[in-house]
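Engineer: mind looking at a prediction? Sequence and model below.
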Amino acid sequence: MSGLTLRRGRRAAGTSRAAGASRGRRERDAVPVVLTDRYSPLPRKVAVRVIGYGLLALGTLLYLGPFLVQVATSFKTDADAVGNPVSLIPSPVTLAAWEVVAGSNPAYSVPVFRWLGNSFAVTISVTLGRLIIDSLAGYALARLRFRGRAVVFAGVVAVLAVPGVVLLIPKFLVLNELGMFNSYAGMILPLFCDAVGILLMKTAFEAVPTELDEAARIDGAGVFRTFWSVILPLVRPALVTVTILSFQGSWNEFTHFLVATSDPDLATMNLGIARLTAGDLQGSQQFPLKLALATLSTIPIAIVYVFFSRYFMRSGNATGLK
């Protein structure tokens, strides 16, 4: 009898230990459930999405609203533009302002095509110059070891701290002394490089492993061949960034061209619009004509950004190493 009781006790103890072990295993394997937006109650999910999309819509409206008003006003009459300045529906729709821009209205002589030609000539030249000089300077600061490199880099950084308006009078005096005033050279050469582009290219080159330079030198490549054929193709996103910033900055440049030329035949788009507004259109409202010219000046920037937007991405990991 005692033996049977002992065996039952042992069996009960074993069963209890097995049950305890099973419970412990289930507790260890249990995964805590996190209440995410996907599994949240429907009212909360709808509220979060409504608030999120509402904020996005508000930001889009604040960002694109002035541009939409600008485009809509360019198709209005003068009376409609004054009476309904922020309306997005012209009443009536008219092309009078765009006829003046196209030069088909003999009442106004606006040399828009000359302004566009000067703007494209200056902007393309400045953009190409910055791509070449900024990439070479950035590579030299990132890869080459020469005496005074730290001083040169400090000077490039110090340029960013100088307000551009402070340099207007010195620019005029230097251009006038060198005989470059009222010339394309005076409009283009001072903008051939910028500190922001140099720093962007320097940072991009520093992200490329130095083992590629060593491998190129072992294969017999010189400094320029290594830069052009090995390193430069790996920093294409940085080149695209410099291209967009250079094109936008030089196209929208105003103060430098204001002190670099006084010849109407050399006026760029922004400079021509400013002089027209301060001259023939001074005191008159004519909002449709003014905003039609402003809309025309923004189209090239939008085209360049749309064309290069697919290349405007981060690819710091694309270094070519396995």
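Structural biologist: Perfect, thanks for sending it.
Engineer: now name the helix or strand holding Arg147.
Structural biologist: Here Arg147, judged by DSSP states H and E, is contained in no helix and no strand.
Engineer: neighbours of it, how many?
Structural biologist: Around Arg147 there are 6 other residues, counting by other Cβ atoms under 10 Å. Every C-beta, even on glycine, is put in place using the N, C-alpha and C of the backbone.
Engineer: do the same with Ile133
Structural biologist: 16.
Engineer: how about the one 10 residues further on?
Structural biologist: Using other Cβ under 10 Å, Arg143 is surrounded by 17 other residues.
Engineer: and the helices in the stretch 51-200 of the chain?
Structural biologist: Secondary structure of the stretch 51-200 of the chain, counting by DSSP state H, counting those that start in this stretch: helices at 78-83, 96-102, 112-143, 149-159, 168-177, 184-188, 195-206.
Engineer: any chance of a markdown table for those, columns distance to Ala292?
Structural biologist: Output for these, formatted as a markdown table (distance: least, Cβ to Cβ, whole Å):
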| stretch | distance to Ala292 |
| --- | --- |
| helix 78-83 | 11 |
| helix 96-102 | 4 |
| helix 112-143 | 10 |
| helix 149-159 | 37 |
| helix 168-177 | 29 |
| helix 184-188 | 25 |
| helix 195-206 | 32 |
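Engineer: of those, which is nearest Tyr305?
Structural biologist: Ranking the helices of the stretch 51-200 of the chain by proximity to Tyr305 (Cβ to Cβ) places helix 112-143 first, at 13.4 Å.
Engineer: let's have the helices of the stretch 51-200 of the chain in TSV, adding distance to Phe254 and mean pLDDT.
Structural biologist: Shown next, in TSV, are the helices of the stretch 51-200 of the chain (distance: least, Cβ to Cβ, whole Å; pLDDT from 0 to 100):
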stretch	distance to Phe254	mean pLDDT
helix 78-83	24	88
helix 96-102	19	88
helix 112-143	11	94
helix 149-159	20	89
helix 168-177	11	91
helix 184-188	12	94
helix 195-206	18	92
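Engineer: of all the ones you listed, which one is nearest Thr226?
Structural biologist: Using Cβ to Cβ and comparing the helices of the stretch 51-200 of the chain, the one that lies nearest Thr226 is helix 112-143, at 8.3 Å.
Engineer: between helix 149-159 and that closest one, find me the angle.
Structural biologist: Interaxial angle of helix 112-143 relative to helix 149-159 (axes from the mean of the first three to the mean of the last three Cα atoms, to 10 degrees): 150 degrees.
Engineer: buried set for helix 112-143?
Structural biologist: For helix 112-143, burial by neighbour count (16 or more other Cβ atoms under 10 Å) applies to 112, 114-116, 118-119, 122-123, 125-127, 129-131, 133-143.
Engineer: and the spatially closest residue to Ala274 that is not a sequence neighbour, what does it touch?
Structural biologist: Nearest non-adjacent residue to Ala274, counting by Cβ to Cβ, 6 or more residues apart in numbering: Phe254, 6.8 Å away. Counting by Cβ atoms under 8 Å, 6 or more residues apart in numbering, Phe254 makes contact with 270-271, 274.
Engineer: quick one: least confident of the residues you listed?
Structural biologist: Lowest in pLDDT among those is Ala274, which has 87.
Engineer: tell me how far Ala294 lies from Met269.
Structural biologist: 10 Å (Cβ to Cβ, to the nearest Å).
Engineer: the two: which has the busier surroundings?
Structural biologist: The neighbour count for Ala294 versus Met269, taken as other Cβ under 10 Å, is higher for Met269 (26 against 18).
Engineer: gap between the more buried one and Phe308?
Structural biologist: Per Cβ to Cβ, Met269 is found 20 Å from Phe308.
Engineer: with Val159 instead?
Structural biologist: From Val159 to Phe308 the distance is 26 Å (Cβ to Cβ).
Engineer: go on, Arg236?
Structural biologist: 11 Å.
Engineer: what number of residues lie near the nearest residue to Val100 once chain neighbours are set aside?
Structural biologist: In space, and not counting its chain neighbours, Val100 is closest to Tyr108: 4.7 Å by Cβ to Cβ, 6+ apart. Counted with other Cβ under 10 Å, residues neighbouring Tyr108 total 15.
Engineer: these two touch, right, Arg114 and Asp265?
Structural biologist: Yes. Judged on Cβ atoms under 8 Å, Arg114 makes contact with Asp265 at a distance of 6.9 Å.
Engineer: any residues in contact with both of these two?
Structural biologist: Joint contacts of Arg114 and Asp265 (Cβ under 8 Å, 6+ apart) do not exist.
Engineer: what about the residue nearest to Leu271 when sequence neighbours are not counted, which SS state?
Structural biologist: Closest residue to Leu271 apart from its sequence neighbours, by Cβ to Cβ, 6+ apart: Phe257 at 4.9 Å. Three-state assignment for Phe257 (DSSP: H, G, I helix; E, B strand; the rest coil): helix.
Engineer: how much space between Gly129 and Tyr63?
Structural biologist: Going from Gly129 to Tyr63 by Cβ to Cβ gives 31 Å.
Engineer: also Ala195?
Structural biologist: For Ala195 relative to Tyr63 (Cβ to Cβ), the value is 28 Å.
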